[in-house]
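Trainee: whatever this is, show me its structure:
(chains A, B, C and D)
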Number of protein chains: 2
Amino acid sequence: MQDSQTSETTQKTIEETIVSGILSAKIRPGTRLSENQLATLFSVSRTRVREAMMRLETRGIVHVSPRRGWFVVEPSAEEAIAVYEARRVIEAGLLRGMRALTDEGRKALDAHLNEEKSVMAAGDRQRLTYLMGDFHIRIAELSGNAIIVDILRDLTARTILISMLYQSEFHAAQSHDGHCRIFEAMQAGDFVRAAELSVEHLDEVEMGLDLTTRPDPLSELRSSLSLPPKAVPSGPTVRPKKPQLQRSN
Amino acid sequence: MQDSQTSETTQKTIEETIVSGILSAKIRPGTRLSENQLATLFSVSRTRVREAMMRLETRGIVHVSPRRGWFVVEPSAEEAIAVYEARRVIEAGLLRGMRALTDEGRKALDAHLNEEKSVMAAGDRQRLTYLMGDFHIRIAELSGNAIIVDILRDLTARTILISMLYQSEFHAAQSHDGHCRIFEAMQAGDFVRAAELSVEHLDEVEMGLDLTTRPDPLSELRSSLSLPPKAVPSGPTVRPKKPQLQRSN
DNA sequence: CTTTCCTGTCTTGTATGCAAGATAGCCAGA
DNA sequence: TCTGGCTATCTTGCATACAAGACAGGAAAG
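Mentor: Numbering: from 1, shown residues only, chains lettered A, B, ... in the order given. Here you go, the predicted model:
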């Protein structure tokens, strides 16, 4: 938008570089992000880097271990479940509320699915990872609601980190199929069906994870000794929580 | 949570103080938040204050005008619409996905609604504003999904800022009624109905706004001169957007 | 060989200093 | 009276210096 400002551009660049690195699976969960290294890399002082890190932290993408360093988050199994649930809620709610698919929207999604197909054939896995996540963001963009787009972008980034941690093999064809079916329902104007398909699709992907694989081999020991978990989860929780939201398909 | 750490507590305190100030309508949109004043107020250096501001900025709650100062956001009419739409999407999606209301959940909501009623009678408007927003957060908490709770908390804060800008009179009784109806549907186990009622409720509140009232009297002139808008909207938008999501009732 | 402790180094945490833009108020000139 | 410009002051932007915790590696003691 306003690229005339030199100042603001840099911080956003650091943030967006890291986010897009995650979105295309170039940055793994747990990656250390040294303030000094990033500072020299972007030719700025640590101050600016820190600001970017703080922002990314509130977006749930990085995490700081006090006086040890910044790390790309490694979502726990519980967090993984929460992320998928949040996506189901938002994406289903979004599709269900849609009324029509414009011509440009149809074209954009069609082009996207074609690219998915060709990149899948070409075997460019990083690009494919990016596209697979981006499909959902593109749907959000159709709604024209920037708030939802931003939320889903961050959730998608976390989803990709989750895949890198818990996904043994990448069923790209299956995902692509799911996307196509959602698109078909949308084209048919059946957004209720599209919402259902979206939930099913996310379920499929989630089911493809092995959430028993612990990214932190010490976590079991840690919890049995009732030590604090290694990562600060998300934002502050004010009241105690009693979980029980269920699948809606 | 982890109150043992002195360090981390302070930043969160600044952030949460401001957010809860907004949630209870004690802080108006457009309020200037001077780094120096906050620093002396919380007995920390500007550095910490800045970090809190950066976080609040990514949460869409404050906004910085370069070298002029930090301000609590004054959502434009377009942003206001987007916020309500996002809330409809998320809250409806959430309720629709719920399966059962636990006993504690029922009690919590019941107690909440009772407090709404008594505070409404007592006429404590700030507390009432807080409660009216908090009802929706409490529903999110029933899902046990911390991600959704955080998202809705921030959206609720923005909603309250929007009310302060565009709401001529506060139809508290109507809102309370809406809450009660949602609760009844939930108790009856009819979450589809609860979702519909939630959308209707948000529609009602949104309809009660006068979105033609410009908070910035110069905005019309500004736009006719095609100057940039006075506030940086939300996060970065990567692709151009074509708006058209519609009401779902 | 094992254990313990110590110290050097690397990390973030925090404060502070200075730069630079924005603004308001005043003063001078017409 | 009105207009233009200058300056004093207040704001954030950014870099840097130093504090302090974490950790690794080695030396010394058993």
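Trainee: does chain B sit close to the helix or strand containing A:A82?
Mentor: Taking DSSP states H and E as the criterion, A:A82 maps to helix A:77-97. Yes. For helix A:77-97 and chain B, the contact criterion (Cβ under 8 Å from any Cβ of the partner chain) is met by A:82-83, A:85-86, A:88-94, A:96-97. Just so you know, the C-beta spots here come from the backbone N, C-alpha and C atoms, and that holds for glycine as well.
Trainee: now those in TSV, please, with extra columns for neighbour count and pLDDT.
Mentor: Shown next, in TSV, are the residues of helix A:77-97 next to chain B (neighbours: other Cβ atoms under 10 Å in any protein chain shown; pLDDT from 0 to 100):
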residue	neighbour count	pLDDT
A:A82	25	98
A:V83	25	98
A:E85	24	98
A:A86	27	98
A:R88	25	98
A:V89	30	98
A:I90	25	98
A:E91	25	98
A:A92	27	98
A:G93	26	98
A:L94	29	98
A:R96	20	96
A:G97	22	95
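Trainee: how close does A:E79 get to A:A108?
Mentor: 31 Å (Cβ to Cβ, to the nearest Å).
Trainee: next: A:S43.
Mentor: The gap separating A:S43 from A:A108 is 36 Å, by Cβ to Cβ.
Trainee: of these two, who's got more company?
Mentor: Higher neighbour count among A:S43 and A:A108: A:A108, with 18 against 8, using other Cβ atoms under 10 Å in any protein chain shown.
Trainee: quick one: name the residues of chain A near DNA strand C.
Mentor: Residues of chain A lying near DNA strand C by Cβ under 7 Å from any atom of the strand: A:33-37, A:46-47, A:50, A:64, A:66-70.
Trainee: ok, which of those residues also contact DNA strand D?
Mentor: By Cβ under 7 Å from any atom of the strand, the members of these lying near DNA strand D are A:46-47, A:66-68.
Trainee: on that earlier part again, which of the residues of chain A next to DNA strand C are buried, as a ChimeraX select command?
Mentor: Selection of the buried residues among these in ChimeraX, burial being defined by 16 or more other Cβ atoms under 10 Å in any protein chain shown:
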select /A:33,35,50,64,70
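Trainee: could you list the low-pLDDT ranges of chain A?
Mentor: Low-confidence segments of chain A (pLDDT under 70): A:1-9, A:213-249.
Trainee: in it, which residue is most central in space?
Mentor: A:T156 (1.7 Å; Cα atoms, centre = their mean).
Trainee: so that residue makes contact with A:G133?
Mentor: Yes. If you go by Cβ atoms under 8 Å, A:T156 and A:G133 touch, sitting 4.3 Å apart.
Trainee: list the residues that contact both of these two?
Mentor: Common contacts of A:T156 and A:G133, defined by Cβ atoms under 8 Å, 6 or more residues apart in numbering or on different chains, comprise A:L23.
Trainee: tell me the domain ranges of chain A?
Mentor: Chain A breaks down into these domains under automatic domain parsing: A:6-72, A:77-207.
Trainee: what's the most buried one of the ones you listed?
Mentor: Each of the domains of chain A was scored by mean neighbour count; the highest is domain A:77-207, a mean of 19, by mean count of other Cβ atoms under 10 Å in any protein chain shown.
Trainee: before we move on, the earlier item: which among the residues of chain A next to DNA strand C are in contact with chain B?
Mentor: Within those, those near chain B by Cβ under 8 Å from any Cβ are A:50, A:66.
Trainee: what about stretch A:13-26 and DNA strand D, any contact?
Mentor: No. Shown here: stretch A:13-26 not in contact with DNA strand D (Cβ under 7 Å from any atom of the strand), separated by at least 10.9 Å.
Trainee: mind listing the strands for chain A?
Mentor: Ranges of strands in chain A, per DSSP state E, are A:32-33, A:62-65, A:69-72.
Trainee: out of those, the one nearest B:E204 is which?
Mentor: Proximity to B:E204 (Cβ to Cβ) singles out strand A:62-65 among the strands of chain A, at 39.8 Å.
Trainee: list the helices and strands the closest one packs on?
Mentor: helix A:46-58, strand A:69-72 (3 or more Cβ pairs under 8 Å, 6 or more residues apart in numbering or on different chains; DSSP states H and E).
Trainee: what lines up beside the last one in the sheet?
Mentor: Next to strand A:69-72 in the sheet, as set by DSSP bridges, lie strand A:32-33 (antiparallel), strand A:62-65 (antiparallel).
Trainee: need the ones you listed in TSV with distance to A:Q11, can you?
Mentor: Shown next, in TSV, are these (distance: least, Cβ to Cβ, whole Å):
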stretch	distance to A:Q11
strand A:32-33	14
strand A:62-65	14
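Trainee: turn the strands of chain A into CSV, including distance to A:R181.
Mentor: Converted to CSV, these look like this (distance: least, Cβ to Cβ, whole Å):
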stretch, distance to A:R181
strand A:32-33, 38
strand A:62-65, 34
strand A:69-72, 32
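Trainee: out of those strands, nearest to A:Q174?
Mentor: strand A:69-72 (26.4 Å).
Trainee: residues from chain A in reach of DNA strand D?
Mentor: Residues of chain A lying near DNA strand D (Cβ under 7 Å from any atom of the strand): A:7, A:10-11, A:44-48, A:66-68.
Trainee: ok, now which ones touch the nearest residue to A:A92 once chain neighbours are set aside?
Mentor: Among residues not flanking A:A92 along the chain, A:A195 sits closest, at 4.3 Å (Cβ to Cβ, 6 or more residues apart in numbering or on different chains). The neighbours of A:A195, taking Cβ under 8 Å, 6+ apart as the test, are A:91-96.
Trainee: closest to A:A173 out of the residues you listed?
Mentor: Comparing the contacts of A:A195 against A:A173 with Cβ to Cβ places A:E91 closest, at 20.8 Å.
Trainee: contacting residues for the closest one?
Mentor: Contact analysis of A:E91 by Cβ under 8 Å, 6+ apart lists A:136, A:139-140, A:152, A:195, A:198-199, A:202, B:93.
Trainee: is A:Q167 bridged to anything, and to what?
Mentor: In beta-bridge terms (that is, DSSP bridges), A:Q167 pairs with A:L209.
Trainee: surely it meets A:L209?
Mentor: Yes. If you go by Cβ under 8 Å, A:Q167 and A:L209 touch, sitting 5.6 Å apart.
Trainee: now A:A173: closest residue in space that isn't a chain neighbour?
Mentor: With sequence-adjacent residues excluded and distances taken as Cβ to Cβ, 6+ apart, A:A173 is closest to A:M120, at 7.0 Å.
Trainee: repeat for A:H63
Mentor: Of all residues not flanking A:H63 in the chain, A:V73 sits nearest, at 4.9 Å (Cβ to Cβ, 6+ apart).
Trainee: and the furthest pair within the ones next to DNA strand D among the residues of chain A next to DNA strand C?
Mentor: By the measure Cβ to Cβ, A:T47 and A:R68 form the most distant pair in these, at 19.6 Å.
Trainee: from B:D150, how far out is the closest residue to A:R96 other than its chain neighbours?
Mentor: Leaving out its chain neighbours, the residue that sits closest to A:R96 by Cβ to Cβ, 6+ apart is A:A195, at 4.2 Å. For A:A195, the distance to B:D150 equals 23 Å [Cβ to Cβ].
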